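Peer 1: Build me a model:
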Amino acid sequence: MKIIELPIAFEFNGQLNTIYPSLIIMNDELTLVDTGYTNFLPLIEHEITKKDYEMEHLKNIIITHYDDDHIGSLYNFKEKYPWINIIASEIESKYISGEIKSERLVQAEELLDNMSPEQKEFGTWFIQQLKDLKHVAIDKKVHDGDMILNNECRVIATPGHTLGHISLYFPTLNSVITGDAAAHENQELVIANPHFCLNVENAELSLRNIKSLQADTYYCYHGGKFTI
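Peer 2: Residues are numbered from 1 along each chain as shown. Purely as a prediction, here's the structure:
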């Protein structure tokens, strides 16, 4: 088993950005963690095949949390590769499947009223982005401490950024896939996008929890791989 990061470069608001979905390889089976923004399917496919893996071997997608840069292309993946198992926490599953309105959309709508005219343009656009996300049913709902992927991966509840956010710990690799529980900035692990955190105190606690694992490698969605 091994984990590799998939650097996906793109332009946003005139600036070059990169996100780092993770790919878990176990024998011939592939598991993708998070799917980028809407229409990122071909970008992620390109990175996977460039590394000499075949999309036909993609068995699972794990979603760390409901945010448009993490679930944007989930519907497209499921539509093109219908055999894929979609895995998420029970809490986030309700948002991803459309059972209830997402916390992120509620937050964005509440913030809009207090924004300046300049900010409102982005706020309105962001709300529409969230509303345009297509719902996807979750095949496996997981909880804190669950062992998945042939018992090689432990689910860790890391609330704060969102209520049902999860990270993934791999004991045999002593590695963590953080999602947005941690970002790699200036050679350290920090809270990802604190302004978007639904509960900063919980986010700080979750960051301390994954740091306490003392993993050799942290695979951060924002900022890329952090090695101790």
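
Peer 1: Contacts only, for the nearest residue to residue 170 once chain neighbours are set aside.
Peer 2: In space, residue 170 comes closest to residue 153 once its chain neighbours are excluded; the distance is 5.6 Å by C-beta to C-beta, 6 or more residues apart in numbering. The C-beta positions use only the backbone N, C-alpha and C, and glycine is treated the same way. If you count contacts by C-beta atoms under 8 Å, 6 or more residues apart in numbering, residue 153 has them with 24, 147, 168-170.

Peer 1: the longest helix in this structure is where?
Peer 2: Counting by DSSP state H, the longest helix found in the chain is helix 117-132.

Peer 1: next helix or strand past it?
Peer 2: strand 140-142 (DSSP states H and E).

Peer 1: returning to what we had before: and the longest helix of the chain, C-alpha only, in CSV?
Peer 2: Extracted in CSV, the C-alpha atoms of helix 117-132 (Å, rounded to 0.1, in the frame of the first residue of the first chain):
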residue,chain,number,x,y,z
PRO,A,117,-21.2,45.6,-2.2
GLU,A,118,-17.8,44.4,-3.5
GLN,A,119,-17.9,41.3,-1.3
LYS,A,120,-21.6,40.6,-2.2
GLU,A,121,-20.6,39.9,-5.8
PHE,A,122,-18.3,37.0,-4.7
GLY,A,123,-20.8,35.9,-2.0
THR,A,124,-23.6,35.6,-4.5
TRP,A,125,-21.4,33.7,-6.9
PHE,A,126,-20.2,31.4,-4.1
ILE,A,127,-23.8,30.6,-3.0
GLN,A,128,-24.8,29.8,-6.6
GLN,A,129,-21.7,27.5,-6.9
LEU,A,130,-23.0,25.6,-3.8
LYS,A,131,-26.5,25.4,-5.1
ASP,A,132,-25.3,24.1,-8.5
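
Peer 1: which sections of this protein are below the confidence cut-off?
Peer 2: Along the chain, the model assigns pLDDT under 70 to no residue.

Peer 1: just to revisit the earlier point, excluding its own residues, what touches the longest helix of the chain? List them.
Peer 2: Contacts of helix 117-132 (C-beta under 8 Å, 6+ apart): 38, 68, 102, 104-105, 108-109, 111-112, 115.
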